[in-house]
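Student: next come a sequence and a model predicted from it.
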Amino acid sequence: MSIQYQRSWKMKNRILIPILAILIFLSLNSQGLSLVEETHRAINEYIAQNSVNNFSLNNYLIKNLGLAGGVKEIISGVNADGINLSQTVFEWLGYGGFQEDRPGSIIDYLPLIGQPTRSVNHFHNPLGGLWKYSGLDAWVGPLHYTGESSVLWAQNQNQDPGGKWSWQDSRRYYYIALTGRDTDGNVVAPKKQDRDLYFAKTFRAIGQLMHLIHDASVPAHVRNQIHILFNYEKWIEKIRTGNQDEQALFDQFIARAISFDPSILNFTVLDSSAPIPIANIIDTDKYNGSNPDVTTDTAIGIAEYTNANFFSERTIFKNFQYPNKNTSVDVEDQDISDPRGIKPSLKRPYYIKKRDGENTASNERLAQGKQGYRLATAGLLYRYAPDKDTPALDEGVYNDYAEKLLPRAVGYSAGLLEYFFRGKLYVALLAPSVDQAIYNFGNENDMGRDIGTVAMFIQNSSKLNNAIEPIGQGTISLTVSYIDSRTGETVYQPAGTGSVTDIPDTGSQNFLVALFTLAQPIPTQFAKELTYYLVFRGRLGKEEDAVIGKVIKAPVIQGVSPDQGIEGTLVTITGDYLPEIDGPFPSTSRNISFSRDPSRPYTAEVISRTDTVITTKVPNTAAILKPGYGGLRVRSILPETEEMIYSNPVPFFPIAEGEIRNFGGGLINANIEAVKPILGTYSQLPGPVTYPVLAGNSVWIQLMTGFTYKATANTSVTQDIWTITPDAFDFIFDLQ
Amino acid sequence: MNGVFKCILIEILVIIFTCLTVSCTRAKTFNGRVIDSDTKEPVEGVVVVAVWETETTTPTATHSNLKDVKECLTKKNGEWSVNGPKGRDEWPIPYMSLFIPYAKEPEFIVFKPGYCSWPNGFSIDACRDRMKIKGGKDERIGEGGTLELPKLTTKEGRWRAEGVRPPFMAEMLADKQKAKKIRNFLRLLNEERKFLGLNEYPISKELENEK
C-alpha cells in the first residue's frame, strides 16, 4: 500500500508541478485583452435601446415584427445552461454579447488539458494574408494560442464550443421563429413557446456577432497580440463603472456612434470562405499595410482602421509598418494630472499621431488648440536615444483611443444589427377571403365566417445605402396564427409557400399579388389575436440566404348584430383588434365598409369604439355599391406606411326601399321573390312576399340588397337591387 | 522537482490568495442618500441594487462571475445603506493577474418609477446634466454622497429610464433564489412596465404570488 501511495504522489507531481508552473508563469506574464464581458453587454443593450445612425431596432420590431413592446417585449427562451429565462429583447442582445466569450474556464486555456475556447476566435489581423491565416497565432512564453479569424468564425456554421451562433445560424433561428419550420420544411417549432425560444436564440446570436465587431475595435485583437499589464479594455470597463464623471464619459463615447459606409455591404467578398458581406464590416481588404490613408474613409473595415492607427501594448512601433515612428508622429509634451497630487499638473511627452491615416485631434487636444491624438507615451530615453526609447500606453492614451474606437465599436456593431434587420416587405393591401382582383373582393361564395384564403399585394422596401436592395430568387410563405378562445391555445395554420424570382420595389406601380390558401380555415368566431407571418427567404442584395419577416396583427370580426338594416340602423360589430378610430364619439371613419368595393371612398358614422366592439350606423350614402353577402369589413391602416389590413368579411344586408306601382285597372297581388344572388352562388335567398296593390296606387316596401328580384302580378318585372340612395326610392316595380 | 520547491509553490499561491481574499472581502457599509433634484426633498422607496462580482482574466478574455447581490429601499429621509465586501477597483498586483479571480467593488443601480435611473440617466436628455452625486467620496455611488434624481415628465423619458438593469440580471431571472434578492427591484420594474404598457417579468409575478 505504501509503495503504491508513493508512486501515486510521484505521478501527481508530474502533472501538478508543470500545471502550477504554467499557471504561475502565465500569472506573471500575461493579461487578458478582450473587452470585459459586461462592457459587451452594456454596448449591446445601449444599441438596442437607442436609435443609432438612424436605425431603431425598437421601431423595426414594432412595425415589422408585431412586437408591441419593441425591444422591451419579454421573450422566453433558455440560458446557456438550458434553464428557462424570460427577459426582454434588449437583454437577449446583451446576453449574447456577454456569452460570446464563454465557455472559458482557467483549465480551458491549458494546452493538452484544456478544451478550445470561443474567445481564441475573436482575433483578426487584416494584414494576415488569406483570412485562414488571419486569426490568433501568438505565444505566451511556452504556450502557443491559435484561433480562427473572427471574420471566418462569424460565418462558421460548426462553431464549437459554446453553441452555434454564426450569422447563418442566426438566420436559421429567425426563419424557424417566423415559420415554425426548418429550412427543409420540417415542423420544428409547433407551439408558441417553441417559436419564442427561437426568437430568443435569434437575438442572442446577433448579440454574439456584435461582440465580434466590438473586439475588432480593440488593437490587440487586430494586431495578433496577447499582452500584459493594465490595458485599454480594462480602462474602458473602469470608466463604465467608475464615478459619475467617468460613467458620463463612457456614455459620451458610446453616444457618438460612427458607422461604416453601407456601400461596403455591396462589395463582393473576395475570400469565399466567408461569403456573406458582413465580412466587410471587419475587413474590406483595402488596407494592405502600406496605405494607411485609406483607413480614414468610412468604407473600410473596423479591423483595418484599428490596426493601422492604434497600438496594442506589445506592438508599439513593432510588427506592423503603421503607425510609423518616422512618419506618423511628432513628440509633444502634454499636461497630465500629478498622481502624487503635489503639483496642479505635470508634463509628459507623448507620441502624437498626426499623419498616415487617422489624425483628427482628440477632444482634450482640440480644446488646447492642438492637432492629433496621443498614440503612446514617449519613454525617458526618447530625447537622447530615440532608438532605445520604450514607449508605452497610459490612461491618457487609452482615453484618446476610446474617443475614436468606442464610437466605432458601437456604430459598426449597430450596422451589423441593422443589416440583419434591413429587409422590409411592404404589404399594400391584405384581405382575407378574396380571390383575385384588388378592386373586387369577388369571392362571393366565401362568406368570411371562416378565413380560407388570404390575398396580399406585396412590394419590397428593403433598403441598403439609401437605395432599394433587390430581392432575387427565393420563397415566400405565409403562416396565420390565432388564439382559439375556446381553448386558449395559440394555433398556427400554414398557408403555403411559393417561389419568387423578384418582388417589385415600393417605388414601382407593380406588386407581387399572392393568394394563400390555408390548410384549415380559421374559425373567426373564436379567433383572437389573428396574426399573419409573411416570410421571404432567399437572395437579398449580396446575401444569398437572407430572411425577411413581416408580422401583421389583423382585425377580426367575430359577429355583427343585426345583420341587416335600413339607413341609420345601429349595428354592433364585435371582434378583436378592431381598428383605431379617432374620437370624440360620435365620430366618422373610413375604416368600416359596408361595400364590396374598396375603391369607393366611404365614411361611416361611429357611435363608440373599443378594441373589441364598434357601434356604427348603416350608411345613408349612395356610395354603397355591391353590399350584401360578405360585404361588411373593417380595416386597419398601419401608421406611417399606410398599409391596409382588412378583416374577414361578414354578411350584412342593407335594406333598400322602393315601391310597387299598379298601372292596371284593378287590384293586383304582387309577388316579390328573390330569384338569385347578383353575384356568386349565395343560397340563402330572401323568401317571397305578396303585396296587394289597388289600381292606380303604389305600395312602399323594403328589400334586402344584393339579389335579383322578380315582381309578378299579371305582368312581371326583374331587377337587380344593390344600391341604396338617400332621399329617393332605390327601386320601383311597375306592374299591372 | 523536490518537495521543497513544491511546498514553496503552494505557499506562494496560498499567501497570494489569502492576502487578496482578506483584502477583498473586508466588509464595508455602502451608503448614501437620494433626493429629488428639483425639490431637494428626500425620495423614499427608491431601490438601490448592489452587485458584487469576481473577475478572472484569461489570455484571450476577461470573465466575470456573480458573487452576491443585495438591494435596499431608501427610507423616509432618503437614506440607504448596504453591507458587503469592499472589493477592489482593479487588480492589486498588476503583474500577477492571469487566472486569479478577484472581487471587484460593487456596481450599483438606482431605480424608482418616474425618476431618472442610475446609470441610465446619462443617456437621457432630461437627466444627463441634472443627475448628480454631491458630497461623499470620489462622486461614487455608495460612498456617502447624495444622489440628486430628476423627475421624468415624459413617457419617452420613463421608457428609457426603465432600461436600467443590474449586471447578471439574466442569472438572477433564471434562478428564483437569486431573483428573491432583487424582489423590490423587480416589483418596481414591473410597476413601471405596467405604466408603460409593457408585459411583466413572469418571475416577479411568481414571487408576488409566493408572498
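Tutor: Ah, there it is.

Student: gap between A:G507 and A:M456?
Tutor: 19 Å (Cβ to Cβ, to the nearest Å). For the C-beta atoms, the positions are set from N, CA and C on the backbone; glycine is no exception.

Student: the more surrounded of those two?
Tutor: Neighbours were counted for A:G507 and for A:M456 using other Cβ atoms under 10 Å in any protein chain shown; A:M456 has more, 26 against 11.

Student: and the more buried one, what element?
Tutor: strand A:450-460 (DSSP states H and E).

Student: what packs against that strand?
Tutor: If contacts are counted by 3 or more Cβ pairs under 8 Å, 6 or more residues apart in numbering or on different chains; DSSP states H and E, strand A:450-460 sits against strand A:425-432, strand A:471-484, strand A:512-523, strand A:527-540.

Student: A:G242: neighbour count?
Tutor: 19.

Student: ok, and the closest non-adjacent residue to it?
Tutor: Leaving out its chain neighbours, the residue that sits closest to A:G242 by Cβ to Cβ, 6 or more residues apart in numbering or on different chains is B:R140, at 7.4 Å.

Student: pLDDT at the one you found, what is it?
Tutor: pLDDT, B:R140: 91.

Student: show me what contacts it?
Tutor: With Cβ atoms under 8 Å, 6 or more residues apart in numbering or on different chains as the criterion, the residues that contact B:R140 are A:G242, A:N243, A:Q244, B:I133.

Student: isn't B:S117 right up against B:A161?
Tutor: Yes - in this structure, B:S117 is within contact of B:A161 by Cβ atoms under 8 Å, at 4.3 Å.

Student: so what sits against both of these two?
Tutor: With Cβ under 8 Å, 6+ apart as the test, B:S117 and B:A161 both reach B:F111.

Student: quick one: the strands in chain B?
Tutor: Along chain B, counting by DSSP state E, strands occupy B:27-36, B:47-57, B:62-73, B:79-85, B:102-103, B:107-111, B:132-134, B:143-149.

Student: which element follows the lowest-mean-pLDDT helix or strand in chain A toward the C-terminus?
Tutor: Lowest mean confidence among the helices and strands of chain A (mean pLDDT, DSSP states H and E): helix A:2-29, at a mean of 48. The helix or strand immediately downstream of helix A:2-29 is helix A:37-49, counting by DSSP H and E.

Student: now distance to A:T390 too, for the strands of chain B, in JSON lines please.
Tutor: Formatted as JSON lines, the strands of chain B follow (distance: least, Cβ to Cβ, whole Å):
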{"stretch": "strand B:27-36", "distance to A:T390": "39"}
{"stretch": "strand B:47-57", "distance to A:T390": "24"}
{"stretch": "strand B:62-73", "distance to A:T390": "26"}
{"stretch": "strand B:79-85", "distance to A:T390": "38"}
{"stretch": "strand B:102-103", "distance to A:T390": "28"}
{"stretch": "strand B:107-111", "distance to A:T390": "35"}
{"stretch": "strand B:132-134", "distance to A:T390": "39"}
{"stretch": "strand B:143-149", "distance to A:T390": "37"}
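
Student: closest to A:A392 out of those strands?
Tutor: Closest approach to A:A392 among the strands of chain B is made by strand B:47-57 (19.2 Å; Cβ to Cβ).

Student: pull the CA atoms of that closest one into CSV?
Tutor: Extracted C-alpha coordinates of strand B:47-57, given in CSV (Å, rounded to 0.1, in the frame of the first residue of the first chain):
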residue,chain,number,x,y,z
VAL,B,47,-34.4,50.8,-4.8
VAL,B,48,-30.7,50.6,-4.7
VAL,B,49,-29.2,47.3,-6.0
ALA,B,50,-25.6,46.4,-5.3
VAL,B,51,-23.9,43.6,-7.3
TRP,B,52,-20.6,42.1,-6.4
GLU,B,53,-18.7,40.1,-9.0
THR,B,54,-15.4,38.4,-9.3
GLU,B,55,-13.3,39.0,-12.4
THR,B,56,-10.9,36.5,-13.8
THR,B,57,-8.5,37.3,-16.6
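
Student: that one: how far from the chain's middle?
Tutor: Offset of strand B:47-57 from its chain centre (Cα atoms, centre = their mean, to the nearest Å): 6 Å.

Student: which strands or helices does that strand pack on?
Tutor: Using 3+ Cβ pairs under 8 Å, 6+ apart: strand B:47-57 touches strand B:27-36, strand B:62-73, strand B:79-85, strand B:102-103, strand B:107-111, helix B:183-195.

Student: can you list the strands that the shortest one pairs with?
Tutor: Next to strand B:102-103 in the sheet, as set by DSSP bridges, lie strand B:47-57 (antiparallel).

Student: thanks again, I'm all set now.
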